[in-house]
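**Q** Got a sequence here, can you model it:
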Amino acid sequence: MRTIATLLVVSLFSSLLAGCGSFYTGISKNTVMVKKTNQEKPDAEVEYGGLLSEDTVKTLSVNAVNKYFGHNLSLDDAMIDTSSLDQQQIKAVLADATSEMDMKQGFLVEYREQLIKVAGGIYMSTIINKYDSEDMYGVVMNAKDGEVIGLSKVNIEKRTSSPTESKKYKLTEVVGLAEQFIETMGDYEQDALEWDDSYYLNGYMTELYFKNKETDEVALSLLINIGSGEVVGFYKDIMTVLQLWIGKRMYSTSVQKRD
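**A** From the prediction side, this is the model:
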């Protein structure tokens with residue numbers, strides 16, 4: 001279980017980007033969007049230092065999976081493993097990811113606001129359906145208030161097949177699907193974000209990045225299964241920053257720009 005959890009934590013940062021390099025032109029027209037279901041967030045139990053207790057983290061993590069993926073898991077239905085990174089560890093990851101990249105200013109200045117938001121660090125949870133070992137999720141949340149800043153369905157099925165050209169949407173249509181999902185999230189004002197023209201492609205998975213129109217800072221990334229059109233994950237704030245820079249470092253030649 002610990003080995004699986006470690007691999008999933010790593011996947012939250014980079015493994016979903018592995019094997020990037022193909023130019024993307026579309027996704028399957030048999031599109032199914034993940035729907036957000038209404039579910040009340042329980043009162044967060046604070047354990048120490050103003051941070052959430054482990055039991056609360058587990059509860060909120062399962063609730064997030066149920067909320068965004070229309071699941072019906074209970075704590076008894078899932079194997080859950082949690083780990084954490086404090087702010088200094090997050091800075092260390094970001095320092096390593098940006099060490100060989102050109103930046104106008106250091107990451108401590110560039111991402112000051114994102115780092116302030118995670119002053120208490122982050123919790124990362126691995127959730128595996130007891131009755132279906134391939135039904136697996138990764139959740140990242142702010143350790144202080146339980147806000148979900150990273151969520152993905154980890155697909156461990158065969159990755160060799162890809163949609164045929166005749167069953168693909170154009171990239172602009174994919175962006176449209178992403179924008180529809182952002183509206184359902186309810187976390188951003190209408191038209192507050194815009195696609196920054198870059199994305200990564202990993203087999204049948206693509207990751208689109210959106211920036212804040214006012215600040216021009218990257219604010220959100222969405223993971224989309226290009227075979228089904230399903231949005232299977234998102235990253236916000238500091239997690240988006242980590243995704244972006246680790247991806248740039250590992251696959252700097254794979255970021256595609258729209259002509």
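**Q** all strands in the stretch 1-150 of the chain, in order from the N-terminus.
**A** Using DSSP state E, counting those that start in this stretch, the strands found in the stretch 1-150 of the chain span residues 46-48, 51-52, 78-85, 122-129, 136-142, 148-154.
**Q** Let's test this: mean pLDDT of stretch 125-145, rounded?
**A** Mean per-residue pLDDT for stretch 125-145: 95.
**Q** that older thread, kindly reformat the strands of the stretch 1-150 of the chain as CSV containing mean neighbour count.
**A** C-betas here are computed from N, CA, C, even on glycine. As requested, the strands of the stretch 1-150 of the chain are exported to CSV (neighbours: other C-beta atoms under 10 Å):
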stretch, mean neighbour count
strand 46-48, 11
strand 51-52, 22
strand 78-85, 18
strand 122-129, 24
strand 136-142, 25
strand 148-154, 22
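**Q** count of residues packed around residue 112?
**A** Here the number of neighbours of residue 112 (other C-beta atoms under 10 Å) works out to 11.
**Q** what about it, distance to residue 64?
**A** According to C-beta to C-beta, to the nearest Å, residue 112 stands 27 Å off from residue 64.
**Q** ok, now residue 104?
**A** The value you get for residue 104 to residue 64, if C-beta to C-beta is used, is 34 Å.
**Q** what about those two, which has more around it?
**A** Between residue 104 and residue 64, residue 64 has the larger neighbour count (other C-beta under 10 Å), namely 24 against 6.
**Q** Do you know the pLDDT at that one?
**A** The model's pLDDT for residue 64 equals 96.
**Q** And for it, nearest residue in space, chain neighbours not counted?
**A** Spatially, and ignoring its direct neighbours in sequence, residue 64 is nearest to residue 148 (4.7 Å; C-beta to C-beta, 6 or more residues apart in numbering).
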